[in-house]
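>>> Okay, predicted coordinates and the sequence, questions at the end:
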Amino acid sequence: MKVEDIMTSDVKLAHKGMTVLEAAQIMGDSDVGGMPVVQDEDIVGFVTDRDIVLRAVAPGLDLRNTTVGDVMSTGAHTLKVDQDVVEAARIMKENAVRRMIVTNKDDKIAGILSLGDLATRTDGEVEAGRVLGEISSARPSE
């Protein structure tokens with residue numbers, strides 16, 4: 001099974017210069033926990049609800065004046081649409097991430113692969129519970 005078979009293809013994007021408040025509203029309206037961050041057409045990071053809480057809300061920053069670029073995680077991990085889902089799960093585990101950006105052959109964003117996608121759409125090909133446990137206990141370097 002390939003990543004493109006189970007990924008979420010309706011991807012909301014955050015722009016590096018948009019405010020954290022705007023990004024949070026898009027996430028809330030779209031019921032997503034994270035979005036790829038782009039500048040022009042380049043992927044420059046990923047912002048999650050956790051990034052917003054820990055890097056903006058908790059320190060008391062003004063969400064109307066703080067940009068996504070100020071709180072996003074850089075070095076976004078990517079997968080290709082034609083990668084195998086078992087390999088994708090291994091990469092997610094190794095990088096201790098719950099979501100990865102999926103790109104097409106032209107390196108354009110084609111979707112997002114989440115741990116939830118692995119859990120619900122792989123017909124047992126991936127032990128998502130085990131992968132989640134290993135990701136949750138891992139501490140990625142920041």
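Yes, it's here.

>>> Only C-alpha atoms from now on, for both contacts and neighbour counts.
Will do.

>>> Next one: the residue nearest to K16 when sequence neighbours are not counted from K93, what distance?
Here the nearest residue to K16 in space, its sequence neighbours aside, is G69; by Cα to Cα, 6 or more residues apart in numbering that works out to 4.6 Å. Noted for G69: a distance of 25 Å to K93, by Cα to Cα, to the nearest Å.

>>> From A58, how far off is the residue minimising distance to the centre of the chain?
Centroid-nearest residue in the chain: R99, 3.9 Å away (criterion: Cα atoms, centre = their mean). Going from R99 to A58 by Cα to Cα gives 23 Å.

>>> I figured T8 hits L115, correct?
No - counting by Cα atoms under 8 Å, T8 stays clear of L115, with 11.2 Å between them.

>>> Mind checking which of these two has more residues around it?
L115 (22 against 16; other Cα atoms under 10 Å).

>>> Quick check: pLDDT value at the more buried one.
Note on L115: pLDDT of 87.
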